[in-house]
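Novice: mind looking at a prediction? Sequence and model below.
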Amino acid sequence: MSKIKVAIVGIGNCASSLLQGITYYSTKTPNETIGLMNWDIGGYAPGDLQVVAAFDIDARKVGKDVAEAIFAKPNCTQVFCKDVPLTGTQVSMGNLLDGMSEHMKDHPENRSFVKSTAKEPTQADVVRILKDSGATVLINYLPVGSEQATRFYAECALEAGLGFVNCMPVFIASDPTWAKRFEDKGLPIVGDDIKAQLGATITHRTLTNLFKKRGVKLERTYQLNTGGNTDFLNMLNHKRLASKKKSKTESVQSVAAERLDPENIHIGPSDYVPWQNDNKVCFLRMEGKLFGDVAMNIEMRLSVEDSPNSGGVAMDAIRCCQTALDRKVSGILKGPSAFFMKHPPYQFTDDEAYQMTESFIHQSVTAKQPTAEIPSAATIS
C-alpha cells in the first residue's frame, strides 16, 4: 500500500507523540504490537503515515521541519523516540482566530505561546497548501475552546477534499449539518474529542457500565484531573470549557443505567500543575448502592502520560479514515467515531463500538451490530 498523506493542525504534544509513534513502530513487526490496538487497518501498518502538511501559530515551530518542531517548547511530553527523521515538511503559519486563550500571553515564556509574526493564511491559502501537499486526511489537534478555528479548518478540509479526524471537543461530526456536508462531498469524518487509549474517560465509562451490568445503582460521581501541559494551561480559562465538559459528561452519562441529575455528576479538567508537564492525574470517585440498599464507593487515582495515551487511537482513526476513502465510504464513520471519540454522533457501549469498528476494519458481516442507537446530546439539542 502507498503511504497515508496526513495534514496536522496544531503541532503540540499530541502531534509529537503521533510522529514519534510513526517512527517507533516503523521498525517493528506485526509480532511486536505493544501499545497498539491494531497493526493492520485497510492494508496500512502504523509506519505507513506520512506527514505532508502542518499548521501552527507558535514562532518556535513555524518554518521548522515538523520533525524538529515537535520537540520545540512549550511541548513537554515524554520522548520515547528521539530519532524522528526529517520529513521535508515545514510547519506553515496557521490561522489564529480563537486558537489561543488571552490569559496564556501572560505566562512565562517557556509555558506560553509566542505568536509567529508570519502572515496568517486565508482559507484559500490553506486549501492550496493542502492540495499541493497531496494530503488525504486532516487531523485536528487545536486547543480546547478553539471553536472558530476548528470550523475554519473543517471548511478547508471540505474544500480541499480531505477526510477529517476531529480530536477536539468542537462538535463537527456530531453536528448533523456538518456531518451531512462531509457526506455530500463524499468524504469520511471521525469525531469528536479523542478518547485516550486508557485514560480518565474510558476508565470512568468502563466502571459506569460495570455498575449497570452488576445491578449497582450509581448515585454520585466525580472525575477531577490535573496536568502541566499547555492543554491544562489553556483550560484555566473556564469560558473555553463548555464543549469539553459537555463531551466528557455525556460520554459517561450515555452508558449509565439511569442519567444522573447534573448536581450528582461532575466531570472535567480541574487544575494546572506546571511541574506535572504532560503527566495527567485523574481522581475518580463513584458512590452507589448494592444489594439491600447498602452503600458502597470506589476511589481511584490514575496517572498517565497524556499525549502518548492518545497516539495509538489517533493512528487508528487516521487509518480508518483513509480506508473509508479507499472504499468510497463517506460521512460519519459510526463505529470508529464511537470507539475512538468521547462525543460521537451516536453513543454506544465500548463493547458495541469495538465490535462495530472491528467489523468496519475487517469488512465482516458476521460481527453482531447493535440495534439501538443513542443520539448524543448534540444530536438531540
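Specialist: The structure has been received and is ready for your questions. Numbers count the residues shown, from 1 in each chain.
Novice: residue contacts, Ile189?
Specialist: For Ile189, the contact set (Cβ atoms under 8 Å, 6 or more residues apart in numbering) comprises 163-166, 172-173, 178-179, 182, 321, 331-333, 337. Just so you know, the C-beta spots here come from the backbone N, C-alpha and C atoms, and that holds for glycine as well.
Novice: tally of neighbours for Pro85?
Specialist: Pro85 has 10 neighbouring residues, counting by other Cβ atoms under 10 Å.
Novice: tell me the phi and psi of it?
Specialist: The phi/psi pair for Pro85 (degrees, to the nearest 10) reads phi -70, psi 150.
Novice: ok so, going back, restricted to helices, list the contacts of Ile189.
Specialist: The helices, defined by DSSP state H, take in Trp178, Ala179, Phe182, Cys321, Ser337 from the contacts of Ile189.
Novice: which residues does the fourth one contact?
Specialist: This points to Cys321. Taking Cβ under 8 Å, 6+ apart as the definition, contacts of Cys321 comprise Val137, Gly163, Phe164, Val165, Pro188, Ile189, Val190, Leu333, Pro336.
Novice: pretty sure the second one is touching Pro188, no?
Specialist: Yes. Using Cβ atoms under 8 Å as the test, Gly163 is close enough to Pro188 to be in contact (4.7 Å).
Novice: can you tell me which helices and strands the helix or strand Gln20 falls within packs against?
Specialist: According to DSSP states H and E, Gln20 maps onto helix 13-26. Applying 3 or more Cβ pairs under 8 Å, 6 or more residues apart in numbering; DSSP states H and E, we find helix 13-26 packed against strand 49-56, helix 66-69, helix 308-327.
Novice: tell me what angle the last one forms with strand 49-56.
Specialist: Yep, that's helix 308-327 we're talking about. Helix 308-327 runs at 110 degrees relative to strand 49-56, counting by axes from the mean of the first three to the mean of the last three Cα atoms, to 10 degrees.
Novice: ok now helix 308-327, how far from the chain's centre?
Specialist: Helix 308-327 has its C-alpha centroid displaced from the chain centroid by 11 Å (Cα atoms, centre = their mean, to the nearest Å).
Novice: same check, this time on the shortest one
Specialist: In terms of Cα atoms, centre = their mean, the centre of helix 66-69 is found 20 Å from the chain centre.
Novice: tell me the spacing between Lys217 and Lys342.
Specialist: Distance of Lys217 to Lys342, computed by Cβ to Cβ, to the nearest Å: 24 Å.
Novice: more neighbours: which of those two?
Specialist: A side-by-side neighbour count of Lys217 and Lys342, using other Cβ under 10 Å, places Lys342 first with 29 against 14.
Novice: now do the more buried one, the pLDDT please.
Specialist: pLDDT, the model's per-residue confidence, is 95 for Lys342.
Novice: quick one, helices of the chain?
Specialist: Counting by DSSP H, the helices of the chain are 13-26, 66-69, 123-133, 147-160, 176-184, 200-213, 230-234, 242-253, 308-327, 334-340, 350-362, 377-380.
Novice: the ones you listed: lowest mean pLDDT?
Specialist: helix 377-380 (a mean of 39).
Novice: residue contacts, Gln276?
Specialist: With contact set as Cβ under 8 Å, 6+ apart, Gln276 has these partners: Thr226, Gly227, Gly228, Asn229, Phe232.
Novice: what is the most widely separated pair among those residues?
Specialist: Maximum pairwise distance in the contacts of Gln276, criterion Cβ to Cβ, is 10.8 Å, between Thr226 and Asn229.
Novice: neighbour count: the two, which is higher?
Specialist: Each of Thr226 and Asn229 has its neighbours counted (other Cβ under 10 Å); Asn229 has more, 25 against 16.
Novice: test my guess that that one contacts Ser307.
Specialist: Yes. Counting by Cβ under 8 Å, Asn229 touches Ser307, with 7.4 Å between them.
Novice: need the residues touching each of those two.
Specialist: In contact with both Asn229 and Ser307: Gly12, Asn13, Thr77, Asp278, using Cβ under 8 Å, 6+ apart.
Novice: can you lay out those as CSV showing neighbour count and distance to Ile129?
Specialist: Below are the shared contacts of Asn229 and Ser307 laid out as CSV (neighbours: other Cβ atoms under 10 Å; distance: Cβ to Cβ, whole Å):
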residue, neighbour count, distance to Ile129
Gly12, 27, 19
Asn13, 26, 23
Thr77, 24, 26
Asp278, 25, 29
